[in-house]
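Chemist: predicted model and sequence follow; I will ask about them next.
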Amino acid sequence: MSTGSEPLAGFAVGVTAARRHEELATLLERRGARVVLAPAIRLVPLDDDAELLAATRACAAGPLDHVVVTTGIGFRTWLETADGHGLRDALVDRLAGTEIVARGPKARGAVRSAGLREAWSPESEGCAEVTRHLLGRDIAGARIAVQLYGERQPELTGALRAAGAEVIEIPVYRWSRAEDPTPLRRLVGQAVTGTVDAITFTSAPAVEATLAVAAADGLEDALLEAMRGHLVAACVGPVTARTLTGRGVPTVQPERARLGALVRALVTGLPVRRSRRLSVRGWSLELRGHAVVLDGQLRPIAPAPMAIRRARSAAAA
């Protein structure tokens, strides 16, 4: 029997990530959590890289003033595709002479691994801050390449064009809903009924897909209400959390957008919302998610009895 010393022992945590979900699940399990895997989205390569190839040739053919790198995987995919067509060296040479804006730490890492260096990176990792940075410069007539991530970014590219810039959009991949929504539908149901204590999100499209699946089952309002109460929504950063924040949902976020930091933030934030310490007839009792820790020993409890225990402890508080 577990001693319950692991900080997430007794808690169930949903993982909606498409990429690196195994790594995130392992980090959570090492801290004692029971993980529910429910990918919300998947990363889909472009059916035809003709548009990407044309954009790459446009970048290599003439001077570039600014390049916006939004994701690490997207930038690496761009260089790999260029390499496959014999354009990598020309592209890297062109990028070396431009002002590179890297949206976050993963984008910075990919830029540096290519032997390049970013000129600026926003603290928020958000495209809004990138837009403000570029609009604060004289970009009328400038050529700006924007690496897209999963979908078009009209707020960014439209603002740059309105300021007089020539924008070259670099499409490298797209997001799509998970092929089988059953695990995600099951997770939403568990979240609403309280048998899952937290859900982790590592991208904004995963949040949107989860809410869409909930809406299709008539559970969107119930899911949002759960997130405002017993269910912890853990987001890797403010961009991921934006939709939930706009719907009045409090989120747990790390200071840095890293999986390890996300797990550490959850270790700190989850027990605050989903544990309660009691003293019963001289026994030390802690209610945790789907288990109790009785004098240091973790004892799993079925959902119905646990709900009764929580209701009684809340009434006594």
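Modeler: Received the coordinates, thanks.
Chemist: tell me where the stretch 51-200 of the chain has strands.
Modeler: Along the stretch 51-200 of the chain, the segments classed as strands by DSSP state E, counting those that start in this stretch run 66-69, 99-102, 143-147, 166-170, 173-177, 198-201.
Chemist: among those strands, which comes closest to residue 269?
Modeler: Of all the strands of the stretch 51-200 of the chain, strand 198-201 sits nearest to residue 269, with 8.4 Å by C-beta to C-beta. Using the backbone N, CA and C atoms, a C-beta is placed for each residue, glycine as well.
Chemist: residue 188 and residue 219 touch, don't they?
Modeler: Yes: using C-beta atoms under 8 Å, residue 188 is in contact with residue 219, at 5.7 Å.
Chemist: circling back to that earlier point, need the strands of the stretch 51-200 of the chain in JSON lines with mean pLDDT, can you?
Modeler: Below are these laid out as JSON lines (pLDDT from 0 to 100):
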{"stretch": "strand 66-69", "mean pLDDT": "98"}
{"stretch": "strand 99-102", "mean pLDDT": "98"}
{"stretch": "strand 143-147", "mean pLDDT": "98"}
{"stretch": "strand 166-170", "mean pLDDT": "97"}
{"stretch": "strand 173-177", "mean pLDDT": "87"}
{"stretch": "strand 198-201", "mean pLDDT": "98"}
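Chemist: neighbour count winner among residue 188 and residue 219?
Modeler: Using other C-beta atoms under 10 Å, the more surrounded residue of residue 188 and residue 219 is residue 188, with 28 against 19.
Chemist: show me what contacts that one?
Modeler: By C-beta atoms under 8 Å, 6 or more residues apart in numbering, the contact set of residue 188 is 210, 213-214, 217, 219, 223.
Chemist: can you tell me the SS state at the nearest residue to it once chain neighbours are set aside?
Modeler: Among residues not flanking residue 188 along the chain, residue 214 sits closest, at 4.7 Å (C-beta to C-beta, 6 or more residues apart in numbering). For residue 214, the assignment made with DSSP: H, G, I helix; E, B strand; the rest coil gives helix.
Chemist: average pLDDT across the longest helix seen in the chain?
Modeler: Taking DSSP state H as the criterion, the chain has its longest helix at helix 259-274. Averaged over helix 259-274, pLDDT sits at 92.
Chemist: one step back: what is the burial count for the residue nearest to residue 188?
Modeler: 23.
Chemist: can you check the one 3 residues further on too?
Modeler: Neighbour count for residue 217, taken as other C-beta under 10 Å: 14.
Chemist: what's the burial count for the nearest residue to it once chain neighbours are set aside?
Modeler: Leaving out its chain neighbours, the residue that sits closest to residue 217 by C-beta to C-beta, 6+ apart is residue 185, at 6.1 Å. Other residues near residue 185 come to 17 when the count uses other C-beta under 10 Å.
Chemist: SS state for the nearest residue to residue 265 once chain neighbours are set aside?
Modeler: Using C-beta to C-beta, 6+ apart and skipping the chain neighbours, the partner closest in space to residue 265 is residue 254 (4.2 Å). Classification of residue 254 by three-state DSSP places it in coil.
Chemist: dihedrals phi and psi, residue 254?
Modeler: The phi/psi pair for residue 254 (degrees, to the nearest 10) reads phi -80, psi 160.
Chemist: quick one: pLDDT of the spatially most central residue of the chain?
Modeler: When C-alpha atoms, centre = their mean is applied to the chain, the residue found nearest the centroid is residue 202 (1.6 Å). Listed pLDDT for residue 202 reads 93.
Chemist: for it, give its distance to residue 14.
Modeler: Separation of residue 202 from residue 14 (C-beta to C-beta, to the nearest Å): 12 Å.
Chemist: circling back to that earlier point, need the strands of the stretch 51-200 of the chain in CSV with distance to residue 262 and mean neighbour count, can you?
Modeler: CSV is the format used below for these (distance: least, C-beta to C-beta, whole Å; neighbours: other C-beta atoms under 10 Å):
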stretch, distance to residue 262, mean neighbour count
strand 66-69, 22, 26
strand 99-102, 20, 23
strand 143-147, 24, 24
strand 166-170, 28, 19
strand 173-177, 19, 17
strand 198-201, 7, 28
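Chemist: need the ones you listed in CSV with distance to residue 231, can you?
Modeler: What follows is the strands of the stretch 51-200 of the chain, written out as CSV (distance: least, C-beta to C-beta, whole Å):
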stretch, distance to residue 231
strand 66-69, 34
strand 99-102, 33
strand 143-147, 34
strand 166-170, 37
strand 173-177, 22
strand 198-201, 7
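Chemist: figure out which of those strands is closest to residue 228.
Modeler: Of those, nearest to residue 228 by C-beta to C-beta is strand 198-201, at 13.2 Å.
Chemist: OK, contacts around the nearest residue to residue 71 once chain neighbours are set aside?
Modeler: Once flanking residues are discounted, residue 71 sits nearest to residue 149: 4.5 Å by C-beta to C-beta, 6+ apart. Residue 149 is in contact with 70-71, 74, 172-173, counting by C-beta under 8 Å, 6+ apart.
Chemist: nice, that's everything, thank you.
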